[in-house]
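A.B. asks: got a predicted model here, sequence first, then my questions.
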Amino acid sequence: MPIHLSESEAMSYIIELEKEYFKFSCAHFTIFSATNGERLHGHNYYIKIILQIEPRELKLGLVLDLERTKKNLQELCQFLDEYILIPTKSPHLQILKLKKEKKELLQVVFNHKEYSFPVEDVRELPLVNISSEELARYLAEQMSFKLKEYVEVESLTLILQETKGQKIGFTIRKN
């Protein structure tokens with residue numbers, strides 16, 4: 001016998017996606033103040049997303065195009081994989097593009113330290129810092145934007161694992 005919920009009861013599906021290939025490796029340094037920051041180093045980041053979706057019209061009993069969603073998340077990982085990440089909105093960095101011997105370089109200055117990277121090895125991100133918090137927010141926003149093209153999501157939580165046992169999540173909820 002079918003169960004009927006009252007109008008005050010809400011239903012939703014929870015979908016968790018966590019695959020070995022939702023991973024990217026990158027180099028960065030986190031800035032703690034105008035004069036204090038980490039040395040340039042790398043991480044292997046892993047991503048998990050949790051989606052909450054209200055059941056509306058389920059085409060063929062499916063609430064989400066899982067293949068498209070996994071592909072979108074994999075593309076985000078590939079966009080960052082094996083790059084040096086630089087935050088373009090940091091008040092503590094000077095970022096210059098230079099030409100040297102027909103090569104385009106990105107020069108980054110932080111508290112008397114100068115870094116020079118080939119432009120093609122860098123991803124400049126619109127962030128104030130390359131921290132797990134900022135990366136989790138950035139990735140959640142990018143994924144939310146992509147999902148809006150084909151599904152209405154009530155909430156999206158993106159969990160970013162920086163190292164084993166150290167994770168941070170960012171949630172976007174529909175208003």
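C.D. replies: Now that the structure is in, tell me what you want to look at.

A.B. asks: any residues touching the helix or strand bottoming out on mean pLDDT in the chain, and which ones?
C.D. replies: In the chain, no helix or strand scores lower on mean pLDDT, DSSP states H and E than strand 94-100, which sits at a mean of 92. The contact list for strand 94-100, computed with C-beta atoms under 8 Å, 6 or more residues apart in numbering, reads 86, 88, 104, 105, 106, 107, 108, 109, 110, 116, 119, 124. Just so you know, the C-beta spots here come from the backbone N, C-alpha and C atoms, and that holds for glycine as well.

A.B. asks: okay, buried residues for that strand please.
C.D. replies: For strand 94-100, burial by neighbour count (16 or more other C-beta atoms under 10 Å) applies to residue 95.

A.B. asks: okay, now the sheet partners of it, with direction.
C.D. replies: strand 103-110 (antiparallel) (DSSP bridges).

A.B. asks: quick check: buried residues in the helix or strand following the partner strand?
C.D. replies: Using DSSP states H and E, the helix or strand that follows strand 103-110 towards the C-terminus is strand 113-118. Going by neighbour count (16+ other C-beta under 10 Å), the buried part of strand 113-118 is 115, 117.

A.B. asks: so how far is the helix or strand that comes right after strand 113-118 from its chain's centroid?
C.D. replies: Using DSSP H and E, the helix or strand that follows strand 113-118 towards the C-terminus is strand 122-125. Taking C-alpha atoms, centre = their mean, to the nearest Å, the mean C-alpha location of strand 122-125 is offset from the chain mean by 13 Å.

A.B. asks: in strand 122-125, what's buried?
C.D. replies: 122, 124, 125.
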